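> sharing a sequence plus its predicted fold:
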Amino acid sequence: MRVSRPLVSAMLVLALAACGSDSQPAASSNEIKVGLLHSLSGTMAISEVTVRDAELLAIEEINKAGGVLGKKLVPVVEDGASDWPTFAEKATKLIRQDKVATVFGGWTSASRKAMLPVFERYKALLWYPVQYEGLESSPYIFYTGATTNQQIIPGLDYLKEQGKKRLFLVGSDYVFPRTANKIIKAYAAANGMEILGEEYTPLGHTEYSTLVNKVVQAKPDAVFNTLNGDSNVAFFKQLKSAGATAEAMPVLSVSVAEEEVTGIGVDNIAGHPVAWNYYQTTETPANEAFVKAYKAKYGANKVTSDPMEAGYNAVYLWAEAVKKAGTTEVEAVKKSAPGIALERPEGLVTIDGENQHMYKTARIGIIQPDGLIKQVWDSGEPIKPDPYLKGYPWAAGLAAGQ
């Protein structure tokens, strides 16, 4: 899948919609409509449904506490259907037809890049909740997941400290894995690491025997995995069938959290490392309450994960910015947002006024036999977001190709 497709599709959506006037946030006198836009069907539903659920929980909690500016939040839910043009179309609908005050949505970078020109065209706000490849900022997007220096680079640092110098890269064929792997290759060149192979498969791909054989024959010290969605189920099952073990060849994933572990099957992935900013097991007072509330609403067997926590946080951060601004008007909310700091389930989260990303604590964990993730390392404090990797000399020039 090529990057150009969502971008071109988004431009087509804009061209079709350009005849109308820009919308402004609107609601009845005692309600504020907000949009939730995630893949509720298709290959990405394994990951995105729970983000929607966490956002709904945040809305419910905020409403119980009196709402925002004394008004009730009313969610308008749309399905991006794991299709990037659909994300652009639904975003346009939420802004222009439903006249929502803001949108919480997306997962893949392809979906975000499809939506970006829509939000910039209509000067509306998107809160994007998932870790991504960096090298981007938009005045109309707040990024509540990790950028590169808060997840991918800490993951590489961990592998390096573990003596893993020979890596094989496996990813889905779209913008996030390809850009992430450019960064990983630049890091490797500067840190004495060797890339033995780099393979991509389409989203939703399920036949991994050939790729797994390539990986096993290359005998890497570790695999860096940027597969997304339900492709991870097939990959890890077939990797285990080939005799690969987490001890001999750990696979570090940046898009596999507790929810995906359940879908993959814990027997197929236990022992492998992951890099995130939050786990269900993260020890903070706010997390204890979050996990309890999530399970109470959705079931005792449900798990929490980093992307859903970032989506949950996004609703609270937006609400705080609105309260500070005294209005849902977009430019006022943007002006009020920089520096807002809240204690969230992952710990202290602060909005960076320079790039609208978050200060976040990096965490490395190991998937346990019970399906939860045990933290084995953290950064000790929230890391300032550096989406363009300005603080890393080896990354010079990477942003130029975006």
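Looks like it came in fine.
> residues contacting residue 275?
151, 152, 154, 155, 158, 252, 253, 254, 362, 363, 364, 365 (CB atoms under 8 Å, 6 or more residues apart in numbering). For every residue, glycine as well, the C-beta is placed using N, CA and C.
> quick one: secondary structure of the residue nearest to residue 349 when sequence neighbours are not counted?
Distances taken as CB to CB, 6 or more residues apart in numbering put residue 358 closest to residue 349, at 5.2 Å, once the chain neighbours are dropped. Under DSSP: H, G, I helix; E, B strand; the rest coil, residue 358 falls in the strand class.
> residue 358 and residue 314: what is the separation?
9 Å (CB to CB, to the nearest Å).
> what of residue 184?
27 Å.
> how many other residues sit next to residue 98?
Around residue 98 there are 18 other residues, counting by other CB atoms under 10 Å.
> okay but it is in contact with residue 37, surely?
No - using CB atoms under 8 Å as the test, residue 98 is too far from residue 37 to be in contact (10.7 Å).
> pick out whichever of residue 358 and residue 314 has more residues nearby.
Neighbour count, other CB under 10 Å: between residue 358 and residue 314, residue 358 has more, with 31 against 27.
> contact partners for that one?
Counting by CB under 8 Å, 6+ apart, residue 358 touches 143, 144, 313, 349, 350, 351, 352, 385.
> quick check: phi and psi on the third one?
Okay, so that is residue 313. Torsion angles at residue 313 (phi, psi; degrees, to the nearest 10) stand at phi -60, psi -40.
> in what helix or strand does residue 113 lie?
Per DSSP states H and E: residue 113 is located in helix 109-122.
> can you list the strands that the helix or strand that that helix is followed by pairs with?
Proceeding N to C from helix 109-122, the next assigned helix or strand is strand 126-128, under DSSP H and E. Counting by DSSP bridges, the strands paired with strand 126-128 are strand 103-105 (parallel), strand 141-143 (parallel).
> closest to residue 230 out of the ones you listed?
Proximity to residue 230 (CB to CB) singles out strand 103-105 among the strands paired with strand 126-128, at 19.6 Å.
> distance between stretch 245-262 and the chain's centre?
Relative to its chain's centre, stretch 245-262 lies at 16 Å (CA atoms, centre = their mean, to the nearest Å).
> restricting to C-alpha, output that stretch in PDB.
Output of stretch 245-262 as PDB, limited to C-alpha atoms (Å, rounded to 0.1, in the frame of the first residue of the first chain):
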ATOM      1  CA  THR A 245      11.800 -18.600  20.500                       C
ATOM      2  CA  ALA A 246      11.700 -15.300  22.400                       C
ATOM      3  CA  GLU A 247      15.000 -16.300  24.200                       C
ATOM      4  CA  ALA A 248      17.000 -16.900  21.000                       C
ATOM      5  CA  MET A 249      15.400 -14.300  18.700                       C
ATOM      6  CA  PRO A 250      13.300 -11.700  20.500                       C
ATOM      7  CA  VAL A 251      10.800  -9.800  18.400                       C
ATOM      8  CA  LEU A 252      10.400  -6.200  19.700                       C
ATOM      9  CA  SER A 253       7.000  -4.800  18.700                       C
ATOM     10  CA  VAL A 254       5.800  -1.200  18.800                       C
ATOM     11  CA  SER A 255       2.200  -1.900  17.700                       C
ATOM     12  CA  VAL A 256       1.400  -5.000  19.900                       C
ATOM     13  CA  ALA A 257      -0.200  -4.100  23.200                       C
ATOM     14  CA  GLU A 258      -2.300  -6.100  25.700                       C
ATOM     15  CA  GLU A 259      -5.400  -6.100  23.400                       C
ATOM     16  CA  GLU A 260      -3.300  -7.500  20.500                       C
ATOM     17  CA  VAL A 261      -1.700 -10.100  22.700                       C
ATOM     18  CA  THR A 262      -5.200 -11.500  23.400                       C
END
